[in-house]
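**Student:** Predicted model follows, preceded by the sequence.
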Amino acid sequence: MLQGRGTDRREWLVTDVEPSKAVVPASPHALTKVDFVKSGTRLVAISGGAFAIKAGLDAFDVTILSKTTQSLILYCSLIANVFLIVELVLAFLRVQKAASSSTLDDTFPKLLVREITGLQVNRDYARIIRYREAFSRTLWLEGNLDERIQLGTLAEDAAIQLGNRSAQAAALIDDLGWTHVAKRDYATAERHIKHGKTVAIEEGDSYWQAKAERHLAGIAIGQENYNKAYDHLAEAAKIAGSISENLIRDEMLAGIEYGLAECAYRNNENAKALTHLDTSEVIRKQVGDATRAVRVRSLRGRILLKLDRAAEAKDAFRRGLREAREVGRRDEQIINLLGLARVTALEGREVQAAAYKREADELLADTPVPGVMNEFNS
């Protein structure tokens, strides 16, 4: 629910857990399950249970029960005015109505794309951009890669129609670029990311320039070209220094440190990997970005396994699994489950190892995690 103290927007918190567990802060580029409302941006949590909004006006109090699957967790970044809140609530109701008449279980992402496609037909481009900001990361966290690409295609076209260069760069670099990296379509990913980088340079948007370099590093890591990855990450860090807003800059730097840790790990530089991972974790705690911070656990476990420190790796995987479940990151749940399967197998606990592997396989059925599968299948 969205909770407020007084009339100052900066005091509003949004959470779908107990108020005592709410955390602060976040940035417009780092949306988390439990987040801080800043700079006119609100975050709304929609889970498989209830979706509740309480606005700053006593007369506006909307509660909607979600009928989607329990795994569905949506995070919406909302411009802080009641009209947009109502707009997204009505859109959600339309999608929910369609979902309730469907015989499929996980239809919400497809129905959402259908809703946004209707906006394109009506040339409602501004609303498409707002919906992209609200739902893109959710589709990513839930593993709905095809729907995220469709959303990115619609948003990129809408941004062009509006002349919104930063929104165009966002769609190209994240939705169309990084999502194709996850699908291991590196050629398509690189084409979109480089296009988005050009747009960001022309717009003077340092955040998306740095994000493009970070994602290009991810491609290089996937292609085992670690020197090239280090070059891209160094360039990303250089650009990030010019980002004026502290939280956004720190979110970027935390991601760069994570990328350096991943690169070092895959290049068998494990001590170096742990150093970069420690730095990333410290910055993530300062930013308060739970959905990204959880990634530290699984990578730490994988590094420790490589160093034959199985007991410590097990602790990292167990903590990572718990936190991934809390924030709804299915990809991280899968990696931590696979890590636990590997550790328990090393302990000779074959039944428990098989149970972890079975749970991971069930999640993998609709949430692809290609980046680490070869590692755990070896």
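**Tutor:** Nice, thanks for sending it over.
**Student:** following the longest helix belonging to the chain, which helix or strand comes up?
**Tutor:** With secondary structure taken from DSSP state H, the chain has its longest helix at helix 246-266. If you walk from helix 246-266 toward the C-terminus, the next helix or strand you reach (DSSP states H and E) is helix 270-287.
**Student:** follow-up on the earlier one: can you pull the buried residues of the longest helix of the chain?
**Tutor:** Applying a neighbour-count criterion of 16 or more other C-beta atoms under 10 Å, the buried positions in helix 246-266 are 247-266. To be clear about C-beta, it is placed using only N, CA and C from the backbone, and glycine gets the same treatment.
**Student:** Kindly report the same for stretch 120-137.
**Tutor:** Along stretch 120-137, the positions that meet the burial threshold by neighbour count (16+ other C-beta under 10 Å) are 120, 125, 127-137.
**Student:** Put together JSON lines for those, with pLDDT, secondary structure and distance to Arg214 on each row.
**Tutor:** Listed next are the buried residues of stretch 120-137 as JSON lines, based on pLDDT from 0 to 100; DSSP: H, G, I helix; E, B strand; the rest coil; distance: C-beta to C-beta, whole Å:
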{"residue": "Gln120", "pLDDT": "91", "secondary structure": "helix", "distance to Arg214": "29"}
{"residue": "Tyr125", "pLDDT": "95", "secondary structure": "helix", "distance to Arg214": "28"}
{"residue": "Arg127", "pLDDT": "94", "secondary structure": "helix", "distance to Arg214": "29"}
{"residue": "Ile128", "pLDDT": "95", "secondary structure": "helix", "distance to Arg214": "25"}
{"residue": "Ile129", "pLDDT": "95", "secondary structure": "helix", "distance to Arg214": "23"}
{"residue": "Arg130", "pLDDT": "93", "secondary structure": "helix", "distance to Arg214": "25"}
{"residue": "Tyr131", "pLDDT": "92", "secondary structure": "helix", "distance to Arg214": "25"}
{"residue": "Arg132", "pLDDT": "94", "secondary structure": "helix", "distance to Arg214": "20"}
{"residue": "Glu133", "pLDDT": "93", "secondary structure": "helix", "distance to Arg214": "19"}
{"residue": "Ala134", "pLDDT": "90", "secondary structure": "helix", "distance to Arg214": "23"}
{"residue": "Phe135", "pLDDT": "91", "secondary structure": "helix", "distance to Arg214": "22"}
{"residue": "Ser136", "pLDDT": "93", "secondary structure": "helix", "distance to Arg214": "17"}
{"residue": "Arg137", "pLDDT": "90", "secondary structure": "helix", "distance to Arg214": "16"}
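**Student:** Now do stretch 362-378, average pLDDT.
**Tutor:** Computed over stretch 362-378, the mean pLDDT rounds to 71.
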